[in-house]
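Asker: Sequence and predicted model, in that order:
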Amino acid sequence: MGAASNLTTAEFEQSVKSSKGVSVLDFGASWCGPCQALAPAFEKLASEYQGRAKLFKIDVDAEGDLAAQFDVMSVPTVVFLKDGETKARIQGNYPDKIRAQIDALLG
């Protein structure tokens, strides 16, 4: 059973930017209620898409540089990349929209 990995700024280049395929970045914070509400659904998606898409959780307090790089102004913000290139973003706790966007990118 796969789980969403925590991602640091240092790991971003190798794990996401220079990798092929679909990556999903969940920017959140421990103090954010909607982020905590999204967490179980995001973990479920990570398990469902294991081997087809990489899902990562990013703590905006610990990884401010990475949050700034993606212009994250509110949390939760979910950013979708394909082959290292940003393709879409969703703000808020919307697991069904996240699933639909992953499916669209996997095509």
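Answerer: Yep, it's here.
Asker: For the residue nearest to the spatial centre of the chain, give me its contacts.
Answerer: Closest residue to the average C-alpha location of the chain: L25 at 1.7 Å, with Cα atoms, centre = their mean. Neighbour list for L25: L7, V16, F56, I58, F70, V78, V79, F80, L81 [criterion: Cβ atoms under 8 Å, 6 or more residues apart in numbering]. C-beta here means a position set from N, CA and C on the backbone, and glycine is covered the same way.
Asker: Tell me where the protein has strands.
Answerer: Assigned by DSSP state E, the strands in the chain fall at 5-6, 22-28, 53-59, 77-82, 85-91.
Asker: In TSV, list those along with mean pLDDT and distance to A100.
Answerer: TSV is the format used below for the strands of the chain (pLDDT from 0 to 100; distance: least, Cβ to Cβ, whole Å):
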stretch	mean pLDDT	distance to A100
strand 5-6	84	22
strand 22-28	96	12
strand 53-59	95	13
strand 77-82	97	11
strand 85-91	96	10
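Asker: which residue packs closest to S19, ignoring adjacent ones?
Answerer: G84 (6.5 Å; Cβ to Cβ, 6 or more residues apart in numbering).
Asker: burial measure for the one you found, as a count.
Answerer: Per other Cβ atoms under 10 Å, the neighbour tally for G84 reads 13.
Asker: Next, the contact list for it, please.
Answerer: V16, K17, S18, S19, K20, S23.
Asker: partner residues bridging the residue nearest to the centre of the chain?
Answerer: F56, V79 (DSSP bridges).
Asker: which of the contacts of G84 tops the neighbour count?
Answerer: Going by other Cβ under 10 Å, S23 tops the contacts of G84 with 25 neighbours.
Asker: was I right about it contacting F56?
Answerer: Yes. Applying Cβ atoms under 8 Å, one finds S23 in contact with F56, separated by 6.8 Å.
Asker: Find the residues that touch each one of the two.
Answerer: Between them, S23 and F56 share the contacting residues S15, V16, judged by Cβ under 8 Å, 6+ apart.
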